[in-house]
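# What would the 3D arrangement of this be:
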Amino acid sequence: MNDHSPVMELVHVLRAVTVEFDLLGAEFAAHHGLHPTDVRALIHLLDAAREDIPATPGWLGRQMRLNSAGTTALVDRLERLQLVRRTKDTVDRRRVLLEVEEKATELGWSFFGPVIAEVVAVAEGFDTGELETVRSFLTAVLHSTQQARAT
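You can find the predicted model right below:
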């Protein structure tokens with residue numbers, strides 16, 4: 001495929017955005033004494049809360065592709081930093097749930113808030129049809145990358 005075709009140019013822009021978000025995440029992690037894995041775990045936990053998914057240590061381990069010992073070390077570290085807490089599931093008391101502490105949310109907003117505000121401002125310049133096209137494209141890209149990782 002021609003490297004300058006409109007489709008390849010879109011691929012290159014998407015890659016550049018991905019790299020920039022990754023660099024922002026690394027900056028955030030370094031600024032707060034975290035490992036990039038900690039940041040990814042917090043993102044997974046925030047997404048789970050937003051989607052009403054019960055986030056157990058086992059669930060987080062699967063999302064992160066970590067074994068049980070690695071997941072325990074990760075959760076212990078996040079709990080020690082007061083970014084995550086373990087709670088008993090009110091439905092199944094044998095199950096432990098992971099919840100993001102307000103401190104983590106505040107740190108995230110203080111760092112990423114301006115970027116999110118800029119993204120929102122850009123998106124507000126698009127009409128509903130354009131936003132649906134962008135959402136549809138990004139969702140399809142997300143699914144294809146998730147499938148590639150699964151194999």
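
# my read: Glu101 touches Arg80, true?
No: in terms of C-beta atoms under 8 Å, Glu101 does not count as a neighbour of Arg80; the distance is 11.6 Å. C-beta here means a position set from N, CA and C on the backbone, and glycine is covered the same way.

# Neighbour count for the two, which is higher?
When Glu101 and Arg80 are compared on other C-beta atoms under 10 Å, the one with more neighbours turns out to be Glu101, at 16 against 9.

# avg pLDDT for the helix ranked longest in the chain?
Longest helix in the chain by number of residues (criterion: DSSP state H): helix 6-31. Computed over helix 6-31, the mean pLDDT rounds to 95.

# again with stretch 134-141
Here stretch 134-141 scores 97 as its mean pLDDT.

# which residues sit against it?
Where contact means C-beta atoms under 8 Å, 6 or more residues apart in numbering, the residues beyond stretch 134-141 that reach it are Leu14, Ala123, Phe126.

# With adjacent residues omitted, what lies nearest to the last one?
Beyond its immediate neighbours in the sequence, the residue positioned closest to Phe126 (C-beta to C-beta, 6 or more residues apart in numbering) is Val134, lying 7.0 Å away.

# Just give the number of residues close to the one you found.
Using other C-beta under 10 Å: Val134 sits among 12 other residues.

# And for Leu107?
18.

# Tell me if I'm right that it and His32 touch.
Yes: applying C-beta under 8 Å as the test, Leu107 and His32 come out as touching, 6.0 Å apart.

# Enumerate every residue touching the most centrally placed residue in the chain.
With distances taken as C-alpha atoms, centre = their mean, Ile43 lies nearest the centre of the chain, 3.4 Å away. Taking C-beta under 8 Å, 6+ apart as the contact definition, Ile43 lies against nothing.

# next one: Ile53
Shown here is Ile53, whose contacts under the criterion C-beta under 8 Å, 6+ apart are Asp47, Trp59.

# any idea how far His44 is from it?
Taking C-beta to C-beta, to the nearest Å as the measure, Ile53 falls 9 Å from His44.
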